[in-house]
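Asker: Next input, structure requested:
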Amino acid sequence: MAKDAKKYEENFNQLKAIAEELSRQEISIDEVISKGKKAAEAAKNCINILKTEKGNFKKLEEELLSISEEVDEIMEEDYDEEEKDK
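Answerer: Residues are numbered from 1 along each chain as shown. Below you'll find the model as predicted:
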């Protein structure tokens, strides 16, 4: 994930830099198409990374929920045993 995060940051920073250049009109008309293509590629990379990470977060959420349910069951069993002993 760290590698993807770095890739995301690099792509996002590239998008940001291009947007800043465009907003300050620092790009010649000859560079607009080239920079536009680079921006589109960086945006696609960001989207793909986010889609992948969304899936990873969903899996992690499911795993943690499962663990939480197991802990709840154990706690209930312990409580039931304590109540029987009274």
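Asker: what about stretch 70-79, distance to the chain center?
Answerer: 33 Å (Cα atoms, centre = their mean, to the nearest Å).
Asker: Alpha carbons of it, in CSV - could you do that?
Answerer: Extracted in CSV, the C-alpha atoms of stretch 70-79 (Å, rounded to 0.1, in the frame of the first residue of the first chain):
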residue,chain,number,x,y,z
GLU,A,70,-15.8,-13.2,17.5
VAL,A,71,-14.8,-11.1,20.5
ASP,A,72,-18.4,-10.3,21.3
GLU,A,73,-19.3,-14.0,21.2
ILE,A,74,-16.4,-14.8,23.6
MET,A,75,-17.5,-12.0,25.9
GLU,A,76,-21.0,-13.3,25.9
GLU,A,77,-19.9,-16.9,26.7
ASP,A,78,-17.8,-15.6,29.6
TYR,A,79,-20.7,-13.6,30.9
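Asker: Report the buried residues of it.
Answerer: When burial is assessed from 16 or more other Cβ atoms under 10 Å, stretch 70-79 yields no buried residues. Backbone N, C-alpha and C define where each C-beta goes, glycine included.
Asker: now do stretch 44-56
Answerer: Applying 16+ other Cβ under 10 Å to stretch 44-56 flags 45-46, 49 as buried.
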